[in-house]
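In: Here you go, sequence then predicted model.
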Amino acid sequence: MTVPHQPPAPAAITATGLRKSFGEKTVLDGIDLHIPKGSIFSLLGPNGAGKTTAVQILSTLITPDAGDVRVAGHDLARDPGAVRASIGVTGQFSAVDNLLTGEENLLLMAELYGYRRRQARRLAAGLVERFDLVEAAKRPASTYSGGMRRRLDIAMTLVGDPGVIFLDEPTTGLDPRSRHGMWEIVRELVGDGVTVFLTTQYLEEADQLADRIAVLNGGKLVAEGTPAELKRLVPGGHVVLRFADAAGLDRAARALGIGTADSEALTLQVPGDGSVKSVKALLDWVEAAEAEVEGLTIDTPDLDDVFFAVTDRPTT
Ligand SMILES: Nc1ncnc2c1ncn2[C@@H]1O[C@H](COP(=O)(O)OP(=O)(O)OP(=O)(O)O)[C@@H](O)[C@H]1O
């Protein structure tokens, strides 16, 4: 019997041996990337690690010193124009014109892409609706909140119907509600088949959104994988049992023979992955020692733990 062979998902972005230095400073020291179409990839790293530099290279704003890069099926070095036509970039350098209304910004963008007046109006109306800007559409963008401006920025990017979107810190400075709204937008984009390359300062954001995450440090990718894979790289998961009295804590600590007891808080911290099976086994042991557990909490490593484990101090 032959095992059916799953073809690898086509790549939206690939890079091999990507290098970039500024003077003496090597920022990217041989980076390889393979980002499947229709996925969200998040690049993390301390301040000054080179995330923006990577985005600028992949989006044709600056040229690398070495490396083969393909974006949306086009060779970056040979056909930067085709790459540019297939991508959208939003983030630190917003394309929004403050003097124009939201609607005018969208119409201007549509004109740049060669849409006729009627088509442009229809497209702008659809985007205004989709990005919840109907009430604000006739107001100058200068009056918009940070969240509205980011939504308008992404809406403008979509006028060009890009297959790959670079989001450079899309939610920095947004309040939690606006941030969640932005996450919904990103998920919708990917649902439509768009590939998203995301840089963020918020590890929770990468955890929530990204299919795969890479951590950049000292010019190299020091860790790469799904959020779950990365969390497995670091130890630190544990279960904290809280006891009814000191005698119970004592009996349990002796029966288990591992863990850190806190006699004031009446807790015992035991290493563990927090799975139902391991917690049940732990409670069975404690019960056999006739110790009464009043409560328990499970702490699993999060991306913060991974980040601290694989990166060193900021480089700027
Ligand atoms: N045009 C330039 N000339 C000289 N050095 C530069 C230039 N652009 C970036 N750098 C340096 O390259 C390094 C990486 O910068 P980059 O902005 O890519 O980092 P980053 O990971 O995006 O940081 P942050 O999280 O702070 O935005 C920094 O040390 C920066 O000072």
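Out: Thanks, I have it.
In: Quick check: buried residues in the helix or strand that I13 is a member of?
Out: Assessed by DSSP states H and E, I13 sits inside strand 11-22. Neighbour counts over strand 11-22 (16 or more other C-beta atoms under 10 Å) mark 11-13, 15, 18-20 as buried. (C-beta placed from N, C-alpha, C; glycine too.)
In: isn't D211 right next to I40, touching?
Out: Yes - D211 is within contact range of I40, at 5.3 Å (criterion: C-beta atoms under 8 Å).
In: Those two - which one has more neighbours?
Out: I40 (23 against 16; other C-beta atoms under 10 Å).
In: so how far is T26 from the more buried one?
Out: 28 Å (C-beta to C-beta, to the nearest Å).
In: what's the residue nearest to the spatial centre of the chain sitting at in phi/psi?
Out: The chain has A206 as the residue nearest its centroid, 2.7 Å off, counting by C-alpha atoms, centre = their mean. Dihedral angles of A206 (phi, psi; degrees, to the nearest 10) stand at phi -60, psi -40.
In: Find the residue closest to it in space, skipping its chain neighbours.
Out: In this structure, A206 finds its nearest non-sequential neighbour in S42, 4.0 Å apart by C-beta to C-beta, 6 or more residues apart in numbering.
In: Looks like that neighbour contacts Q201 (just checking).
Out: No - under the criterion of C-beta under 8 Å, S42 makes no contact with Q201, lying 11.1 Å away.
In: May I have the residues that are in contact with L303?
Out: Residues near L303 by C-beta atoms under 8 Å, 6 or more residues apart in numbering: 44, 203-204, 206-207, 213, 227, 230-231.
In: State the pLDDT value of it.
Out: We have a pLDDT of 81 for L303.
In: ok, it to D284 distance?
Out: 32 Å.
In: F243 now?
Out: 16 Å.
In: Have a look at those two and say which one is more surrounded.
Out: F243 (24 against 10).
In: In contact with the more buried one, which residues?
Out: 249, 252, 266-268, 291-294.
In: What lies in contact with stretch 17-25?
Out: So stretch 17-25 is contacted by 26-33, 50, 53-54, 57, 62, 64-69 (C-beta under 8 Å, 6+ apart).
In: Quick one: buried ones out of these?
Out: Of the contacts of stretch 17-25, these count as buried by 16+ other C-beta under 10 Å: 26-29, 31, 33, 50, 53-54, 57, 64, 67, 69.
In: and which of those is nearest K280?
Out: Taking C-beta to C-beta as the measure, K280 sits nearest to L33 out of the buried ones among the contacts of stretch 17-25, at 41.5 Å.
In: who does that closest one bridge with?
Out: Counting by DSSP bridges, L33 is bridged to A15.
In: what does the chain put close to the ligand?
Out: By C-beta under 6 Å from any ligand atom, the residues of the chain that approach the ligand are 22, 27, 45, 47-53, 315-316.
In: avg pLDDT for the strand holding I13?
Out: For strand 11-22, the mean confidence score works out to 97.
In: May I ask which of the contacts of F243 has the most neighbours?
Out: Highest neighbour count within the contacts of F243: L268, with 27 neighbours (other C-beta under 10 Å).
In: Just the pLDDT at V306, thanks.
Out: Note on V306: pLDDT of 81.
In: Look up how far N217 lies from the nearest residue to it once chain neighbours are set aside.
Out: Among residues not flanking V306 along the chain, L230 sits closest, at 4.7 Å (C-beta to C-beta, 6+ apart). Distance, L230 to N217, using C-beta to C-beta: 13 Å.
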